[in-house]
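Trainee: below are the sequence and a predicted model; questions follow.
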Amino acid sequence: MYRIRATWAAVAASACLMLGVAPASQAAEPLKVAFVYLGPVGDGGWTFQHEQGRLAVEKEFGNKIKTTYVENVPETADAERVIRQLAADGNKLIFTTSFGYMDPTIKVAKMFPKVHFVHATGYKTAANVGTYQTRFYEGAYLLGMIAGKMTKTNTLGFVGSFPVPEVVRNIDAYTLGAKSVNPKIKTKVVWVNTWYDPGKERQAAETLIAQGADMLAQNTDSPAVVQVAQEKGVHAFGWDSDMAKYGPKSHLTANTENWSVFYSHQIKMELAGTWKPEQTLWGIKEDLVRLSPLNHAVPADVAKLFNEKKKAIVDGKLNVFAGPLKDNKGAVKVAAGSVMPMGELMSINWLVDGVEGSLPK
């Protein structure tokens with residue numbers, strides 16, 4: 001009996017192949033999805049959070065997708081090589097997760113027109129290249145508001161990576177949030193010229209504390225800043241992921257990304273055959289930007305204000321970059337009653353009033 005069943009199965013399979021139809025018993029090939037990471041998946045920040053998004057969509061889509069990643073890919077010619085290899089390996093949807101991958105992504109996309117690429121924080125697109133950014137500045141504004149309320153020295157510190165628009169927006173928003181509740185504050189910035197270097201991040205945090213900062217924020221990827229704050233008895237905010245375990249007393253909240261909602265959206269389009277190159281800019285409202293639970297050290301009145309302002313952002317009643325806004329040299333950049341146009345915000349290259357110093361050349 002087994003032989004008869006096997007024979008009929010073979011006949012059915014042959015018939016399906018002749019008709020150009022896959023046999024019912026043959027499962028559809030999973031969609032191959034790849035991720036290119038700047039740092040290690042255990043960095044505790046940016047790359048770690050993208051990896052959580054990858055793991056979440058693996059769980060959501062099961063055997064419909066097959067994912068892979070390459071970590072520690074520098075923003076050099078190595079990036080082009082890695083992206084090209086992932087496309088050659090049959091991945092149909094490739095996420096390149098750092099600003100410096102922009103040109104390599106565009107270059108490889110021309111070689112593989114049937115592969116879809118999605119690049120984080122960039123601005124160049126093509127028929128098969130989309131971009132994704134977050135309104136991370138919304139969360140940075142809320143962090144600044146807490147810092148402005150809780151600082152005792154009126155000096156805030158910020159560890160900056162590179163003076164690109166993404167980072168400048170966050171420094172400015174952090175300062176605007178603080179000034180909205182405490183006009184006396186000033187923000188000092190130390191630039192480390194790297195996204196991930198725990199040693200440099202630690203030194204920058206120590207420098208800021210020596211300069212009087214008692215509230216630290218960052219646009220870098222490791223938890224070193226939070227760890228220094230814990231050691232020195234000041235406060236800090238996590239960045240990209242919840243860093244509370246690295247500084248239980250120092251860590252007040254974290255500005256984090258829930259990448260799974262975006263990756264799920266992209267994969268659904270790909271599976272449905274409806275993928276198109278989007279320029280996505282999601283924030284708190286879309287649940288891409290999330291603030292981690294507040295530390296009990298945050299006073300009740302500050303927590304209440306934090307939640308009110310977060311709701312105002314979601315409801316569209318609070319625009320972080322609404323005028324009047326001046327730069328730190330006194331020039332009016334956004335008039336009263338106006339808001340900064342999105343194009344200008346995405347390419348911002350000036351520091352708001354309250355931030356000390358100037359952008360590195």
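Mentor: Received the coordinates, thanks.

Trainee: spatially nearest residue to Arg202, not counting backbone neighbours?
Mentor: Leaving aside its chain neighbours, Arg202 sits nearest to Ala224 (4.4 Å; criterion: C-beta to C-beta, 6 or more residues apart in numbering). Where C-beta positions appear, they are placed from N, C-alpha and C, glycine not excepted.

Trainee: with Thr67 instead?
Mentor: Take Thr67 and drop its neighbours on the chain: the residue closest to it by C-beta to C-beta, 6+ apart is Val33, 4.8 Å away.

Trainee: just checking, that neighbour is part of a strand?
Mentor: Yes - membership of Val33 in a strand is supported by DSSP: H, G, I helix; E, B strand; the rest coil.

Trainee: how about stretch 115-125: buried residues?
Mentor: Buried residues in stretch 115-125, counted by 16 or more other C-beta atoms under 10 Å: 115-122, 125.

Trainee: mind checking which of those residues are in helices?
Mentor: Within the buried residues of stretch 115-125, no residue falls in helices by DSSP state H.

Trainee: got a list of contacts for the strand or helix carrying Gln49?
Mentor: Using DSSP states H and E, Gln49 sits within helix 46-61. With contact meaning C-beta atoms under 8 Å, 6 or more residues apart in numbering, helix 46-61 is reached by 33, 35, 37-42, 65, 67, 69, 71, 95, 97-98, 195-196, 221, 240-241, 256-260, 262-264, 267, 271.

Trainee: again, but for stretch 99-106
Mentor: Applying C-beta under 8 Å, 6+ apart, the contact partners of stretch 99-106 are 36, 38, 73, 75, 77, 79-80, 83, 96, 117, 119-124, 126, 129, 162, 164, 166.

Trainee: same deal with stretch 307-314?
Mentor: Here stretch 307-314 makes contact (C-beta under 8 Å, 6+ apart) with 138, 141-142, 145, 283-285, 291, 318, 320.

Trainee: the strands in the stretch 251-361 of the chain, which residues?
Mentor: 251-257, 279-282, 289-291, 325-326, 332-334 (DSSP state E, counting those that start in this stretch).

Trainee: any idea which of those strands is most buried?
Mentor: strand 251-257 (a mean of 24; mean count of other C-beta atoms under 10 Å).

Trainee: could you list the paired strands of it along with their orientation?
Mentor: Note on strand 251-257: by DSSP bridges, its sheet partners are strand 235-240 (parallel), strand 289-291 (antiparallel).

Trainee: and the longest one with helix 46-61, angle?
Mentor: Put simply, strand 235-240 runs at 50 degrees to helix 46-61, going by axes from the mean of the first three to the mean of the last three C-alpha atoms, to 10 degrees.

Trainee: with only the CA atoms kept, save strand 235-240 in PDB.
Mentor: Taking C-alpha atoms only, strand 235-240 is exported to PDB below (Å, rounded to 0.1, in the frame of the first residue of the first chain):
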ATOM      1  CA  HIS A 235      21.400  61.300  36.600                       C
ATOM      2  CA  ALA A 236      21.300  60.100  33.000                       C
ATOM      3  CA  PHE A 237      18.900  58.900  30.300                       C
ATOM      4  CA  GLY A 238      19.200  55.800  28.300                       C
ATOM      5  CA  TRP A 239      19.400  56.100  24.500                       C
ATOM      6  CA  ASP A 240      17.900  53.700  21.800                       C
END
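
Trainee: and the residue nearest to the spatial centre of the chain, how far is that from Thr125?
Mentor: Geometric centre of the chain, nearest residue: Glu257, 5.6 Å, by C-alpha atoms, centre = their mean. To Thr125, Glu257 is 21 Å away according to C-beta to C-beta, to the nearest Å.

Trainee: same check on Arg202?
Mentor: For Arg202, the distance to Thr125 (C-beta to C-beta) stands at 37 Å.

Trainee: hmm, back to that, neighbours of the residue nearest to Thr67, how many?
Mentor: Val33 has 25 neighbours, counted by other C-beta atoms under 10 Å.

Trainee: how is the chain partitioned into domains?
Mentor: 31-135+259-282, 137-255+291-346 (automatic domain parsing).

Trainee: thinking again about what came up before, let me have the strands paired with strand 251-257 in a markdown table, extended by distance to Leu351 and mean pLDDT.
Mentor: Shown next, in a markdown table, are these (distance: least, C-beta to C-beta, whole Å; pLDDT from 0 to 100):
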| stretch | distance to Leu351 | mean pLDDT |
| --- | --- | --- |
| strand 235-240 | 19 | 98 |
| strand 289-291 | 22 | 98 |
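
Trainee: circling back: and the contacts of stretch 307-314, which two are the farthest apart?
Mentor: Using C-beta to C-beta, those span at most 17.9 Å, a distance reached by Met145 and Lys285.

Trainee: pick out whichever of those two has more residues nearby.
Mentor: Comparing Met145 with Lys285 by neighbour count (other C-beta under 10 Å), the higher total belongs to Met145, at 23 against 13.

Trainee: residue contacts, that one?
Mentor: The contact partners of Met145, by C-beta under 8 Å, 6+ apart, come to 177-178, 180-181, 305-306, 309.

Trainee: now do 10 Å
Mentor: Listed by C-beta atoms under 10 Å, 6 or more residues apart in numbering, the contact partners of Met145 are 174, 176-182, 302, 305-306, 309-310.

Trainee: kindly report the same for Ile284.
Mentor: Ile284 makes contact with 134-136, 138-139, 142, 255, 290-291, 310-311, 313-314, according to C-beta under 10 Å, 6+ apart.
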